[in-house]
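Asker: Can you look at this prediction? I've put the sequence above it.
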Amino acid sequence: MKHKYVIIIVGILILNIFYSCHDSEPELSGVWSSVGYGKQMIITDSTVTLYDTFSGGCALFAEIPPKVFSNISEILNLTHDSLKIKVGLTVYEFTRTNPKISPCNKQLIKNDPLSNFDALWNSFNENYSSFELRSIDWGKMKEHYRPMLTSQSSDFELYSVLHQMISELKDGHVFLDAPDSIKNEPGTVFDNRIGDLRKKIISQINSKYLDKVHNYNKGNLIWGKIDGNIGYIQINNFEDLANYDLSDSLSEEEFWEAYWEAAETSQSYTKDVLAGLNKLMEIIIKDFKSTEFCIIDVRFNSGGFDQAGLDVLSFFTDQRTLAYSKKARHGKYFTKKQAIFIDPNTFNYSNPIYILTSHQTASASETFVLGSMNLSKARRIGSNTAGVFSDVLDKRLPNGWNYGLSNEIYESPDNKNYEMVGINPDYKINYEKNNFSFYMQLNNEIETGDIALEKAIVLGKNQ
């Protein structure tokens, strides 16, 4: 899942407050409202306070100390009335706002169930990008669900109603975190059953096909050769790929405990991930120098950082290539399109690549597949991807609960929107959509062969 780490946006801005400047130069201090994204930040000499804004008021998102975010983002332009910054791949625009008319002068009561319902409904109403595509009448959702609540409703009742309402969108990038106060309530179910089956399938595929299995970060990236002359890269996550020099002898629990301890002290976890991934990809590409073609398997990859996927693709092109464009919901309209490019890496693999996909290929792994569509050497094998592209716009209710929504539209180089339907492959395999059924399908076929992998091998040898 891809999150808008909007806290990061604000952190860097505060650092620049301390830069010496002349009276005639524009200042960062003041109130800034985002163009799209439903955010407002109040910058002072010592703090940035970030709010989620919506019709009727705002909710506190975070208060940020300046020293924490010293190495995250880049100011592209600052005037007296406007601000443009870049975080990761995305450019955000802000306009200066008169403090007297700031929506944050209407702070909502934190523990009123109806106010919390209205905050979430309004945030979706003003920022969600795909109501029409998903055939949802959001006004009718309010008419149906709001009467289920009163000012005396419990946390469990509020969570249940909100969760039911947003579930009608059937969007993998829409969520509401269950608060600790209700996690043990009867009827609250958290299903983790597919984890062991997923690990089993991945292990079976790699042991059956790879001459030698190279495993990085406990299976988040696996690579090796098939029959000595076919490269194979299995990327199971586009996020947890930083290299913190942890011992392979650590148990999985010990490894991830040490990993996240290191990540929490990092000045920029995103940069750690990209540095670790790029260093590893250089090793892999050098190892694959004599291979005839390469297979990249993202069938088990549910997302991470978009930039990580593009960095992988940079090893498979020798020229700057348009990957896709994106725009964000802004009232009744959208922000200007932002073009996202793949810049070629010095280490370049020039032979064909075959990308394996499934309905579980989602989010950042899906934008990875989207970016590959403009690479002439790439072919895709499998089922349609999940159809979940937008970054998650992270927000917080007045009562402090975290939730997220899809507020962006991604389009291919030929201006197609694959949201909800997914990217169709060049060579189709009828994989099950349900994740558990998908892994059972692979489990049942693995003894006779992995159909997608076998197809890639045949196509590569007959190219």
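Answerer: Received, thanks.
Asker: Give me the nearest residue to N77, chain neighbours excluded.
Answerer: K84 (4.2 Å; CB to CB, 6 or more residues apart in numbering). All C-beta atoms are positioned from the backbone trio N, CA, C, and that covers glycine.
Asker: is it true that the one you found touches L76?
Answerer: Yes. The pair K84 / L76 is scored as a contact, 4.4 Å apart, by CB atoms under 8 Å.
Asker: how about the strands of the stretch 351-463 of the chain, start to end?
Answerer: Remark: strands assigned in the stretch 351-463 of the chain by DSSP state E, counting those that start in this stretch are 353-357, 378-382, 392-396, 402-406, 408-411, 427-428.
Asker: List just the one of those that sits closest to T317.
Answerer: Across these, T317 has its closest neighbour in strand 378-382 (9.1 Å, CB to CB).
Asker: As PDB, could you dump the C-alpha coordinates of the closest one?
Answerer: Extracted in PDB, the C-alpha atoms of strand 378-382 (Å, rounded to 0.1, in the frame of the first residue of the first chain):
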ATOM      1  CA  ALA A 378       8.900  -5.800 -22.000                       C
ATOM      2  CA  ARG A 379       6.000  -8.300 -22.200                       C
ATOM      3  CA  ARG A 380       3.500  -9.100 -19.500                       C
ATOM      4  CA  ILE A 381       2.200 -12.500 -18.600                       C
ATOM      5  CA  GLY A 382      -0.600 -13.400 -16.100                       C
END
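Asker: which other residues reach that strand?
Answerer: 299, 316, 352-358, 361, 369, 372, 423, 425-429, 431, 452, 455-456, 459 (CB atoms under 8 Å, 6 or more residues apart in numbering).
Asker: just stretch 320-333 next, same as before
Answerer: With CB under 8 Å, 6+ apart as the test, stretch 320-333 has contacts from 35-37, 90, 126-129, 310, 313, 334-344, 367, 370-371, 374-375, 407-413, 415.
Asker: So which bits of that stretch are buried?
Answerer: Buried residues in stretch 320-333, counted by 16 or more other CB atoms under 10 Å: T321, A323, Y324, S325, K326, K327, A328, R329, H330.
Asker: May I see the buried residues of the helix or strand where T270 lies?
Answerer: In this structure, T270 is located in helix 269-287 according to DSSP states H and E. Within helix 269-287, the residues that qualify as buried by neighbour count (16+ other CB under 10 Å) are Y269, T270, D272, V273, L274, G276, L277, N278, L280, M281, I284, I285.
Asker: shaky segments in this structure?
Answerer: Within the chain, the ranges that satisfy pLDDT under 70 run 1-24, 66-72, 102-103, 105-110, 183-192.
Asker: need the helices for it, in chain order.
Answerer: 6-16, 113-127, 138-145, 155-167, 194-209, 252-264, 269-287, 306-313, 364-372, 435-445, 451-461 (DSSP state H).
Asker: Relative to L28, which of those helices is closest?
Answerer: In this view, the helices of the chain are compared for proximity to L28 by CB to CB, and helix 6-16 is the closest at 5.5 Å.
Asker: And the residue nearest to K225 when sequence neighbours are not counted, how far from N434?
Answerer: Computed as CB to CB, 6+ apart, the closest residue to K225 that is not its neighbour in sequence is D211, at 5.0 Å. Here D211 is placed at a distance of 33 Å from N434 (CB to CB, to the nearest Å).
Asker: Between the two ends of stretch 29-46, how far is it?
Answerer: For stretch 29-46, the separation between the terminal residues is 10 Å (CA to CA, to the nearest Å).
Asker: what sits against E432?
Answerer: E432 makes contacts with H359, F438, M440, Q441, as judged by CB under 8 Å, 6+ apart.
Asker: Which one (most neighbours) among the residues you listed?
Answerer: Across those, neighbour numbers were computed from other CB atoms under 10 Å; F438 holds the maximum, 22 neighbours.
Asker: That one contacts A386, correct?
Answerer: No. Between F438 and A386 there is no contact, the gap being 11.1 Å when judged by CB under 8 Å.
Asker: joint contacts of these two?
Answerer: Listed as contacting both F438 and A386 by CB under 8 Å, 6+ apart are H359, Q360.
Asker: Quick one: distance of the strand ranked longest in the chain to the chain centre.
Answerer: Ranked by residue count and defined by DSSP state E, the top strand of the chain is strand 321-330. Taking CA atoms, centre = their mean, to the nearest Å, one finds the center of strand 321-330 at 14 Å from the center of the full chain.
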